[in-house]
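Visitor: Just to be clear, the model below is a prediction. Sequence and coordinates:
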Amino acid sequence: MRTSFDEDFDVLVIGAGHAGCEAASACARMGCQTALVTISLDTIGQMSCNPAVGGIAKGHLVREIDALGGIMGRVIDRTGIQFRLLNRSRGPAVQAPRAQADRSLYRTEMRHVLEFTQNLHLRQGVVTDFVIENGHITGIQLQDTRRLRAKAVVLAAGTFLNGLIHTGRLTHTAGRAGEPASIELAEALKRLGFPVGRLKTGTPPRLDGRTIDWGVFESQPADERPVPFSFLTESIEQPQVDCHIGYTNESVHKTVRDNLQESPLYSGQIKGVGPRYCPSIEDKVVKFPEKTRHQLFLEPEGYDTYEVYLNGFSTSLPFDLQQELVHKIPGLDQTRIIRPGYAIEYDFIDPRELTPFLQTTRIQGLFFAGQINGTTGYEEAACQGLLAGINAALYVQEREGFTLRREESYIGVLIDDLITQGVDEPYRMFTSRAESRLKLRYDTSDARLSPYGRNLGLLEDSEWERFSSRRDRIAKIRMAFLDTRFKRSSSEYAELSRLVQKDLGDSISLATVAQYPAINPKILFALLPSNLKSFVTLSEMETTVGDLLYHGYIRTQHQNNERVRNQGEVSIPANLSYKDISGLSHEMVERLERVRPQNFGQACRIPGMTPGALSTLLFFLKTSKN
Amino acid sequence: MRAVANGRLNLTQAEAVRDLIDAQTHAAVRQAARQLGGELSKRLQPIKDGLLEIIVPLESSLEFVEDDLPEDIARDIEKRLSTLSTKIDEMADSFRRGRLLKDGLRVALVGRPNVGKSSLFNKLLSSDRAIVTEIPGTTRDTISEVINMEGIPVLITDTAGVRTSPDKIEQLGIERTRRAIADADLIVVVLDGSQPLVDEDLEIIREASNNHCVLAFNKSDLESFRSSNAQEVADNLPLVSVSARTGEGLDALCSNIIKPFTAGYLDESSFVITNARHYDLLRRTSESLQAAQELIQENVSEELILANLYEALRFLGEITGETTPEDILSQIFSTFCIGK
């Protein structure tokens, strides 16, 4: 075997999906000579599943990526074809942007962004092994015999590790439809002793839009005022298109039920665990037999294609059955499938292997990001890619690692959940996973995270200036809100009192008025001092109102978090013999011994720990102290 | 949902162990034993489940806005919340009884000199009721002992040791009674049943009747004893004939002492909160639920209502064990068909 290297880099990123792209971009912009190695340069930034970015919690993640200086938000803003702000009628903490993407444009734009990034080098090749010296990674081996050297490697292999596609009883190895799986790399990871598990995900069939009876479906237009993902985006320029909503019916369900034995999910052929929140149509029909219809979204794949993504109809049934089922859906009775849906099983590595910097504990300099860590979703992958990339660069530069806390970001919640709890099913972000949901708004991710991005060198001067001026304007609005008061005698008071249907006391400030649900930002804007009106944007108004609205709750929440943390910090002696704690079952003892938590907070986050076991432990820790 | 698993103690149970160690009487032991059996957690479970049944649809409507959820997903929430907080309040209210079992009753023996207070006190102690050694009196003039009365620890205080000069008897007798009333949960007014009542007796009875009190007509062993002569002064106060000398009537006295505190709820099956921390958590839970109700009335967005409901859940969780986001997500996914 050769020992010399063909090329020399600081960081190698394996895989050019959503995690890999962010990782490579961040490393390169932090000054590292970075190679992005992928099986196919034509599928950089490929959306393997639905052509969309964002949604509740996922949109929050993209906003956080953007605030740190990541690229996903910028790319989707230039290639999104239907933007919607979800939960617009609710409070700002649970609103989030979502956009349909032109799948092909997104890919092209992502590749363009990477190609125009300094220090970033694209390389096509199949990685088959790692080069390791004394527990440190020093490079990678490619199938074509090339060897690339680097001080750090980020592995973002997606669903490619031992990927196995199922359509009915047919299976074949693949990373995703039409692309080869990474078999040798998966074996290399096993050889190194990484604990490998198996997960499953699936996609629905893609349809020929020319054969769809569009009139049957309810159309869902884009927002009139599209809210971009990136703080750098002034406005969305692309023409916006509609999605369409339809439903399955009993006839579809009956056919699914009658043919369950054909589904690899129900025949026992698939061993991997799929996500509960992304069920296949088989799962939906079996688990919710009382539902007479299931909602479907017909999502356009792009401007220049008639391909349509049948969201909500993920399936691994055989192709002929898929076609039969599609024909039973009203409006799709003539519709042809272009690409069949399928289920894919793939290897993932137990993320409890990782440090908070996403570095493996087994091999120094090796970082994991994305689906390999048991997550699902482009956004979940991208944010890990960004953090892994940042930390790989910091590692190479021998600087201190970078982490985010749960209370300041969804990214922090995600990584903490992964590395302390591991995963039992593909992990997706939900706002309810965050203890500080009211604080982690999509429109405050810049205030929360951009200073970090700037310190890391991921936000350029012009971008930082933009951040600072938004921050300053919001501060000015806030001051104006607090300072502007209306007396009972004023005409404004009368109008406001009428709107909120309440007596507002002798006088009332704009800051207080702003918190009434009946008062929208447009009304507030009209009441602002005229010197502010000239430069304040609606989005900045909304952010200020959100800050005021949640202020009291966040304070309470902070106190609660402190309370939990007080318990969480109860330390656990390193040599504690769990089996000697009476009342702990064998299973709980095992879990505790595997993780060996340093404090009670970590013990709480071990999956499968029962509340009873935790209380027993806490009571033991507290009483044994005295 | 999460039941208390076999063979494991939760925090509530662990606290019950401590109560058990501290328990002074059998009834308190039984109560502690009941909590050790996870009964508090068991009783709170339906309340917690009810709360989750409100949280789950609310959370789903926020988190899965694009899914095809039932339209009436959040109906009756306000009413259901008020039912839950009423139930929690009822449990919290049992704390007064619970404290009685744990901390016991304070009972004072009062009465003018020579009616037999000390004899009665000593007789109570000499029976098998006294279970704890002497503890120092609250003042130098009084002696207190803990006595077991039907399972309840009763701190009984004899005020007989007070020495008064003859010309001040009347005034100080009243003074003493007043002081005893301030400290005690119940006053036993000891009277000499062998003699007609005097003005000082009536004055003491009048003062004592502002509190829980029992009239003990002593010296029932004497021939001149006339318990009926009490009816004219206090027709609605409980009265008992006792003999400090023979012990006659002591059982009746004891049951009259604890009666006002146990009426209707000291049967073996009833359940009470005995731990101040539990009481506090239940009160907080109830407050959070009420705050959520107010927000619903003000028509604010669900995430704020949920913030209060999660707070309530967290307080309950400190008694019964934590509900994790994963638990809630699991319930969402099993309740609604979520996902594209």
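Guide: Yes, it's here.
Visitor: Now the longest helix seen in chain A: buried residues?
Guide: Scanning chain A for the helix with the most residues, using DSSP state H, yields helix A:538-568. By 16 or more other C-beta atoms under 10 Å in any protein chain shown, the buried positions in helix A:538-568 come out as A:539-550, A:553-554, A:557, A:560-561, A:564, A:567-568. In short, each C-beta sits where N, CA and C put it, glycine included.
Visitor: What mean pLDDT does that helix get?
Guide: For helix A:538-568, mean pLDDT is 79.
Visitor: same check, this time on stretch A:454-470
Guide: On average, stretch A:454-470 scores 97.
Visitor: can you give me the helices for the stretch 201-340 of chain B?
Guide: B:250-262, B:276-297, B:302-320, B:325-335 (DSSP state H, counting those that start in this stretch).
Visitor: What pLDDT does the model give the residue in the stretch 201-340 of chain B positioned nearest to chain A?
Guide: Minimum separation of the stretch 201-340 of chain B from chain A (C-beta to the nearest C-beta) falls at B:Gly321, amounting to 2.2 Å. If you check B:Gly321, the pLDDT there is 70.
Visitor: same thing with A:Phe5?
Guide: At A:Phe5, the model reports a pLDDT of 95.
Visitor: is the residue nearest to it when sequence neighbours are not counted in a bridge, and if so with what?
Guide: Leaving aside its chain neighbours, A:Phe5 sits nearest to A:Arg149 (3.9 Å; criterion: C-beta to C-beta, 6 or more residues apart in numbering or on different chains). On the basis of DSSP bridges, A:Arg149 is bridged to A:Asp8, A:Gly139.
Visitor: Go ahead and confirm B:Leu81 touches B:Gln293.
Guide: Yes: using C-beta atoms under 8 Å, B:Leu81 is in contact with B:Gln293, at 5.1 Å.
Visitor: between those two, who's got more neighbours?
Guide: B:Leu81 (23 against 20; other C-beta atoms under 10 Å in any protein chain shown).
Visitor: In contact with the more buried one, which residues?
Guide: If you count contacts by C-beta atoms under 8 Å, 6 or more residues apart in numbering or on different chains, B:Leu81 has them with B:Ile54, B:Leu289, B:Ala292, B:Gln293, B:Ile296.
Visitor: What strand or helix carries it?
Guide: helix B:77-93 (DSSP states H and E).
Visitor: Report the angle between whichever helix or strand comes after that helix and helix B:276-297.
Guide: Note on helix B:77-93: by DSSP H and E, the next helix or strand toward the C-terminus is helix B:95-103. Put simply, helix B:95-103 runs at 170 degrees to helix B:276-297, going by axes from the mean of the first three to the mean of the last three C-alpha atoms, to 10 degrees.
Visitor: Distance from helix B:95-103 to the middle of the chain?
Guide: 3 Å (C-alpha atoms, centre = their mean, to the nearest Å).
Visitor: same thing with stretch A:534-541?
Guide: Relative to the centre of its chain, stretch A:534-541 is centred 29 Å away, using C-alpha atoms, centre = their mean.
Visitor: picking up where we left off before, pull out the buried residues from the helix holding B:Leu81.
Guide: B:Ile77, B:Glu78, B:Arg80, B:Leu81, B:Leu84, B:Ser85, B:Lys87, B:Ile88, B:Met91, B:Ala92.
Visitor: tell me the secondary structure for B:Pro70?
Guide: What DSSP: H, G, I helix; E, B strand; the rest coil gives for B:Pro70 is coil.
Visitor: how about the strands of the stretch 501-626 of chain A, start to end?
Guide: A:507-509 (DSSP state E, counting those that start in this stretch).
Visitor: From A:Ser497, how far off is the residue of chain A positioned farthest from its centre?
Guide: The outermost residue of chain A relative to its centre, with distances by C-alpha atoms, centre = their mean, is A:Ser489 at 51.1 Å. Distance, A:Ser489 to A:Ser497, using C-beta to C-beta, to the nearest Å: 12 Å.
Visitor: again, but for B:Gly104
Guide: Distance from B:Gly104 to A:Ser497, counting by C-beta to C-beta: 57 Å.
Visitor: higher neighbour count, the two?
Guide: Higher neighbour count among B:Gly104 and A:Ser497: B:Gly104, with 21 against 17, using other C-beta under 10 Å.
Visitor: What strand or helix carries the closest residue to that one other than its chain neighbours?
Guide: Computed as C-beta to C-beta, 6+ apart, the closest residue to B:Gly104 that is not its neighbour in sequence is B:Pro153, at 3.4 Å. Element membership for B:Pro153, per DSSP H and E: strand B:152-158.
Visitor: That strand to helix B:95-103, inter-axis angle?
Guide: Relative orientation of strand B:152-158 and helix B:95-103, computed by the same axes, to 10 degrees: 70 degrees.
Visitor: Restrict strand B:152-158 to CA atoms and write it as PDB.
Guide: The C-alpha trace of strand B:152-158 is given here as PDB (Å, rounded to 0.1, in the frame of the first residue of the first chain):
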ATOM      1  CA  ILE B 152     -52.600  11.400  66.200                       C
ATOM      2  CA  PRO B 153     -49.600  12.800  68.000                       C
ATOM      3  CA  VAL B 154     -51.000  15.300  70.500                       C
ATOM      4  CA  LEU B 155     -48.800  17.700  72.300                       C
ATOM      5  CA  ILE B 156     -50.600  18.200  75.600                       C
ATOM      6  CA  THR B 157     -49.700  21.100  77.800                       C
ATOM      7  CA  ASP B 158     -50.500  21.400  81.500                       C
END
